[in-house]
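Enquirer: Here is a sequence together with a model predicted from it:
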Amino acid sequence: MKAKASRVRERVIDAKTRTRFTRPLLQWYDASGRDLPWRAEVTPYAIWVSEIMLQQTQVATVRPYYDRFLKVFPTIADLAAADLEKVLKLWQGLGYYARARHLHRAALEVVARFSGNLPDTFEALMSLPGIGRSTAGAILTIAFKKRYPILDGNVRRVLCRFFAVSQDPREKSVDAWLWLCSEKLMPTKRLSGIYLQAIMDLGATVCSPKHPDCLSCPVEKHCEARALGLQGELPMREKRKKVPHYDYFAGLLVCGDSVLIHRRPLKGLLAGLWEFPGMRLEDALVKESIMPQFEAFFKNEINQSPKDAQLFMTIRHVFTHFKMTLYVFSARIAGDVPVHLPLKWVRRDRLSNYAFSTAHQKIVSGLSGLDDCPRLF
DNA sequence: GATGCGTGGTG
DNA sequence: TCACCAAGCAT
């Protein structure tokens, strides 16, 4: 293991290697690169937004969110002036909501510290929440025409294959070498922005994780993984741990034409999003045990017993680190029950103004599909 | 340095 | 149904 590690560290990227890799890549991009909205002549702010949205998220998913976001917040000042709630609403369904929170906070900082202009130095960008080394590199290179490397999933995969790196790319020394490599392969400053887009496109469309399309690859001739037949195996990845499964319940509490919702705390999972109040079931082995917990929960929350509780829908949902089965019970509350934040009564036709997680959005959708349900309304 | 953080697509 | 994967960053 040590021998391999030192071999990678010693490996030097010279001008010849760069030519063999970079030139055909740029030619390929010229002919086969994707036409994406953030590749038109757009502002550094737009590049920034796209880079944040694209973190761990595929292009097809991002596109509609990107378009909407820039339409509503065309400038950093617009974003900074908005409520976090409105930003989260636009982010609803995209996932990793800390990105939205950080982006919003960063916009406020840019207004306060940089007169509303996105800074163009590595240190200043890195000091903003949500911007790490790769995102800073992408912004500096693509938006500000500088020459900073990135090392995202695409670049990592392409490099591990081209140089047949069999070690774990997350290992510190290997990671450091890959960063160096990423920088050395970059062309002149003038072409660097194009180059970054090219290598990311290659990773996304040709040098894909599972079944790379080597016959379409511009650098196949010199790809070491290809020569060894290892293109499908590299980069090395460790098996994902099996995630646990938990049961939850939520209450769809109805009073007149209003329903009760709850805002999640600003830290942790789905931070700041709205949901139908509920909790994890300690013991869901027996479905019959839900009702007592349901009653006790609302007795505690609003000091009131819901009436006519019955199963409204069952939702299965997968998060990064656990699976959830959510039992949603509808029930009626008689008379006015005052609540205070994070609980809130909201008219049914106003629910669309609130940002819900995807699981709970299914409840909202199920509700509007009902139209008039005499049992509930 | 390991872990937490969403969702949708795919085989 | 399930395992795996996708333009990382914060803590």
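Expert: That came through, no problem. Numbers count the residues shown, from 1 in each chain, chains lettered A, B, ... in the order given.
Enquirer: And stretch A:224-238, how far out from the chain middle?
Expert: From the chain centre to the centre of stretch A:224-238 is a distance of 27 Å (C-alpha atoms, centre = their mean, to the nearest Å).
Enquirer: Which residues does it contact?
Expert: Residues outside stretch A:224-238 that contact it (C-beta atoms under 8 Å, 6 or more residues apart in numbering): A:156-157, A:160-169, A:207, A:210-212, A:214, A:217, A:220, A:223. Bear in mind the C-beta positions are built from the backbone N, C-alpha and C, glycine included.
Enquirer: Could you list which of these also contact DNA strand C?
Expert: When those are checked against DNA strand C using C-beta under 7 Å from any atom of the strand, the ones in range are A:157, A:210.
Enquirer: Angles on the backbone of the residue lying farthest from the centre of chain A, please.
Expert: Distance from the centre of chain A peaks at residue A:335, with 41.6 Å (C-alpha atoms, centre = their mean). The phi and psi values for residue A:335, taken as degrees, to the nearest 10, are phi 80, psi 180.
Enquirer: that's a strand at residue A:314, yeah?
Expert: Yes - counting by DSSP: H, G, I helix; E, B strand; the rest coil, residue A:314 is part of a strand.
Enquirer: how about the residue nearest to it when sequence neighbours are not counted, secondary structure?
Expert: Nearest non-adjacent residue to residue A:314, counting by C-beta to C-beta, 6 or more residues apart in numbering: residue A:327, 5.7 Å away. What three-state DSSP gives for residue A:327 is strand.
Enquirer: hey, what's residue A:327 bridged with?
Expert: For residue A:327, the beta-bridge partners are residue A:249, residue A:314 (DSSP bridges).
Enquirer: residues near it, how many?
Expert: Residue A:327: 20 surrounding residues under other C-beta atoms under 10 Å.
Enquirer: I'd say it and residue A:291 touch.
Expert: No - using C-beta atoms under 8 Å, residue A:327 makes no contact with residue A:291, being 10.4 Å away.
Enquirer: Strands along chain A, start to end?
Expert: Remark: strands assigned in chain A by DSSP state E are A:245-255, A:258-263, A:274-275, A:278-280, A:307-318, A:323-332, A:343-347.
Enquirer: which stretch among those strands comes nearest residue A:176?
Expert: Of all the strands of chain A, it is strand A:307-318 that lies closest to residue A:176, at 33.9 Å by C-beta to C-beta.
Enquirer: buried stuff in the closest one?
Expert: Across strand A:307-318, burial judged by 16 or more other C-beta atoms under 10 Å covers A:309, A:312, A:313, A:315.
Enquirer: tilt between it and strand A:245-255?
Expert: With axes from the mean of the first three to the mean of the last three C-alpha atoms, to 10 degrees defining the directions, strand A:307-318 sits at 140 degrees from strand A:245-255.
Enquirer: mean confidence for strand A:307-318?
Expert: The average pLDDT for strand A:307-318 rounds to 93.
Enquirer: Tell me which other helices or strands it touches.
Expert: On a contact count with 3 or more C-beta pairs under 8 Å, 6 or more residues apart in numbering; DSSP states H and E, strand A:307-318 meets helix A:290-302, strand A:323-332, helix A:358-370.
Enquirer: Helix A:358-370 and that strand, what's the angle between them?
Expert: 130 degrees.
Enquirer: Mind pulling the model confidence for the residue nearest to residue A:314?
Expert: Here the pLDDT value assigned to residue A:327 is 93.
Enquirer: Over to residue A:8?
Expert: We have a pLDDT of 63 for residue A:8.
Enquirer: what's the answer for the one 10 residues further on, then?
Expert: Reading off the confidence values, residue A:18 has pLDDT 94.
Enquirer: Is it in contact with residue A:185, as I believe?
Expert: Yes - using C-beta under 8 Å, residue A:18 is in contact with residue A:185, at 5.4 Å.
Enquirer: residues contacting whichever residue of the stretch 101-250 of chain A sits closest to DNA strand B?
Expert: Nearest residue of the stretch 101-250 of chain A to DNA strand B: residue A:172, at 5.6 Å (C-beta to the nearest atom of the strand). Listed by C-beta under 8 Å, 6+ apart, the contact set of residue A:172 is empty.
Enquirer: Kindly report the same for residue A:350.
Expert: Residue A:350 touches nothing, counting by C-beta under 8 Å, 6+ apart.
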